[in-house]
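A.B. asks: pasting the structure only:
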């Protein structure tokens, strides 16, 4: 009996927490489907009286949301592919190849993790300005092409590849590049997927740097565009909610589909030494 | 015989050059920048650039607005940090109770706010906090609490941002805590049960001590992340009302990229770095274990 009460209590708290977690997200979706003005009705409505997609249509026809979504997708994809290649190469080398000062260098890299990215931003902006990369896609892509965290994650995983496997391939006459490409990369698939999700979501959700670098509104990513629209269209709640839904949807779907890899990645990033 | 370059070089060189050129060099340059009067005139022409020594730092110390931003950020970190960690731990403990089914469903739900784009979420919460039409005030009115102008009242704006941050982030730490809880051997609890320890005693004498390393790690990455508060006040309040939500990074952004006082902004950025570094060193001393991956927080 006591046990039953306790079970009920645990479920009640967890259920309540789940409801509180979901409510803002569900309201966002619901409000985005309401006819204009209904989200400001009193008392507040939780569900639309009639479902309409007019705000989504308006975003695409009047406010070129498709363009921002394409920018976001392009930048997130480019950064993901490039950084996956560079980080996996470096991570593999730090784990399995021998070179002078390897471990020392890796220590230094890890120490650099405590430097917040904002410290680099001001000179980075000036550098990229000299290079003519400000207000271009490259301004966002270039600083994201490699990351210490990505190298770290790759290295930790690559350590588990048996040396005997690599040596056997070398004896068979395989070149280093070939070993990396057709032996190491396939063996690292799970962590590559994890890193890809992290990088894609991180770039998609990033705000401060794109806000600084992309001044031409044709280049805006979704978060920059949404923040900008939120200033101009304060009164159009339903429209803004539709914009928020479209910004959030791709990453939420990606997470739902691949959450096994995502959660595993947090573990290997946080619990391993 | 020609000297052969170690093939490892070609593997690390691309990534390390990117990090060196686009991170290490800018960080070093940032030190120099903070010692100059780099402003809007210097943006136009470098001949207007002067070395000013520690002037930016002196100005910063005497600038009330900097201290406002500093205090606000500290307020945010010291309240939202423990709240986030506490909520994460509580939910993780409940979720790990052996009797709970559908764990993965709950976990997915609790994690949704973590992956959702912060800017979009901030826009949503701006309406939830609306003094007249917002869901929150409506909910409060049902239990007899009068309307609060969440984002318009200097006393409530920061608590509002804190509440949203806790909602958005607790799922991340929760996942780490759940893993930490799973790594505690069952036999410890079994032994305690035999000794007649009830669940609160078990929690205090087994769960908490065993979870200590995880706890320290989670607390550190949460606080580091929170010191970098930016998008929430940028989208929801623009640092207002009456600068009550102006954060250090928001101040850096405004000084550096709106007014082009880049020398001064670099000094602000370095204060942020110094605080985070100090925090990390203190924590590592507490923890006495390997390096901490501060980059894991997907914000």
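C.D. replies: It's in. Values in this document were obtained by computation on a predicted structure and should not be read as measured data.
A.B. asks: in the stretch 151-299 of chain B, which spans are helices?
C.D. replies: Secondary structure of the stretch 151-299 of chain B by DSSP state H, counting those that start in this stretch: the helices cover B:154-182, B:186-194, B:199-202, B:208-227, B:231-236, B:248-253, B:262-287.
A.B. asks: for the stretch 1-150 of chain B, same thing?
C.D. replies: B:7-19, B:25-33, B:40-44, B:55-61, B:64-96, B:103-115, B:118-128, B:135-142.
A.B. asks: can you check the stretch 51-200 of chain A too?
C.D. replies: Applying DSSP H, counting those that start in this stretch to the stretch 51-200 of chain A gives helices spanning A:54-61, A:65-96, A:102-111, A:118-130, A:137-141, A:148-158, A:163-171, A:176-179, A:185-187, A:189-205.
A.B. asks: Any idea which of these gets closest to residue B:136?
C.D. replies: helix A:54-61 (22.6 Å; CB to CB). C-beta coordinates here come from the backbone N, C-alpha and C atoms, glycine included.
A.B. asks: can you list the residues of the stretch 51-200 of chain B near chain A?
C.D. replies: B:91, B:94-95, B:97, B:99-100, B:106-113, B:115-121, B:123-128, B:132-135, B:138, B:167, B:171-172, B:175-176, B:179-180 (CB under 8 Å from any CB of the partner chain).
A.B. asks: Could you identify the buried members of these?
C.D. replies: Buried members of these, scored by 16 or more other CB atoms under 10 Å in any protein chain shown, are B:91, B:94-95, B:106-113, B:115-121, B:123-128, B:133-135, B:138, B:167, B:171-172, B:175-176, B:179-180.
A.B. asks: related to what we said a few turns ago, could I get the helices of the stretch 1-150 of chain B as a markdown table with mean pLDDT?
C.D. replies: Compiled in a markdown table, those are given as follows (pLDDT from 0 to 100):
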| stretch | mean pLDDT |
| --- | --- |
| helix B:7-19 | 95 |
| helix B:25-33 | 95 |
| helix B:40-44 | 84 |
| helix B:55-61 | 94 |
| helix B:64-96 | 96 |
| helix B:103-115 | 93 |
| helix B:118-128 | 95 |
| helix B:135-142 | 92 |
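A.B. asks: Among those helices, which comes closest to residue A:55?
C.D. replies: That would be helix B:118-128 among those, by CB to CB, at 13.4 Å.
A.B. asks: OK, contacts around the closest residue to residue B:60 other than its chain neighbours?
C.D. replies: In space, and not counting its chain neighbours, residue B:60 is closest to residue B:66: 4.9 Å by CB to CB, 6 or more residues apart in numbering or on different chains. Residues in contact with residue B:66 (CB atoms under 8 Å, 6 or more residues apart in numbering or on different chains) are B:60, B:251, B:268, B:271.
A.B. asks: Looking at these, spot the one nearest residue A:41.
C.D. replies: Nearest member of the contacts of residue B:66 to residue A:41, counting by CB to CB, is residue B:251, at 38.4 Å.
A.B. asks: my guess is the closest one meets residue B:65, correct?
C.D. replies: Yes - Residue B:251 lies in contact with residue B:65 (CB atoms under 8 Å); the separation is 7.0 Å.
A.B. asks: and these two? which has more neighbours close in?
C.D. replies: A count of neighbours by other CB atoms under 10 Å in any protein chain shown puts residue B:251 above the other of residue B:251 and residue B:65, at 28 against 14.
A.B. asks: Please report the distance of the more buried one from residue A:69.
C.D. replies: 32 Å (CB to CB, to the nearest Å).
A.B. asks: do the same with residue A:265
C.D. replies: Taking CB to CB, one finds residue A:265 at 25 Å from residue A:69.
A.B. asks: The two: which is more packed in?
C.D. replies: residue A:265 (23 against 19).
A.B. asks: Now do the contacts for that one.
C.D. replies: A:153, A:191, A:194, A:195, A:197, A:198.
A.B. asks: what about the longest helix in chain A?
C.D. replies: Longest helix of chain A, by residue count under DSSP state H: helix A:237-270.
A.B. asks: now that one, how far from the chain's geometric center?
C.D. replies: 8 Å (CA atoms, centre = their mean, to the nearest Å).
A.B. asks: Please report how far the residue nearest to residue A:89 when sequence neighbours are not counted lies from residue A:155.
C.D. replies: Spatial nearest neighbour of residue A:89, excluding adjacent residues (CB to CB, 6+ apart): residue B:11 at 4.5 Å. Separation of residue B:11 from residue A:155 (CB to CB): 12 Å.
A.B. asks: For burial, what's the neighbour tally of the residue nearest to residue A:89?
C.D. replies: Neighbour tally, residue B:11, other CB under 10 Å: 25.
A.B. asks: Show the contacting residues for it.
C.D. replies: A:89, A:90, A:92, A:93, A:97, A:176, A:180.
A.B. asks: rewinding a little: the contacts of residue A:265: which ones sit near chain B?
C.D. replies: residue A:198.
A.B. asks: which residues does the residue nearest to residue B:201 when sequence neighbours are not counted contact?
C.D. replies: Leaving out its chain neighbours, the residue that sits closest to residue B:201 by CB to CB, 6+ apart is residue B:192, at 7.4 Å. The contact partners of residue B:192, by CB under 8 Å, 6+ apart, come to B:201, B:202, B:205, B:206.
A.B. asks: Could you export those as CSV, including neighbour count?
C.D. replies: As requested, those are exported to CSV (neighbours: other CB atoms under 10 Å in any protein chain shown):
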residue, neighbour count
B:201, 12
B:202, 16
B:205, 13
B:206, 17
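A.B. asks: Would you mind listing the two of the residues you listed that lie farthest apart?
C.D. replies: B:201 and B:206 (8.7 Å).
A.B. asks: how much space between residue A:186 and residue A:160?
C.D. replies: Separation of residue A:186 from residue A:160 (CB to CB) stands at 14 Å.
A.B. asks: ugh, wrong one, I meant residue B:35
C.D. replies: From residue B:35 to residue A:160 the distance is 46 Å (CB to CB).
A.B. asks: how close does residue B:126 sit to residue B:146?
C.D. replies: From residue B:126 across to residue B:146, the span is 20 Å (CB to CB).
A.B. asks: Repeat that for residue A:32.
C.D. replies: 29 Å.
A.B. asks: More neighbours: which of the two?
C.D. replies: The neighbour count for residue A:32 versus residue B:146, taken as other CB under 10 Å, is higher for residue A:32 (26 against 7).
A.B. asks: still on that earlier bit, any idea which of the contacts of residue B:66 is closest to residue A:21?
C.D. replies: residue B:251 (31.5 Å).
A.B. asks: Nearest residue to that closest one in space, please, no chain neighbours.
C.D. replies: Closest to residue B:251 by CB to CB, 6+ apart is residue B:69, at 4.2 Å.
A.B. asks: Check residue A:97 too.
C.D. replies: Using CB to CB, 6+ apart, the closest residue to residue A:97 is residue B:8 (3.8 Å).
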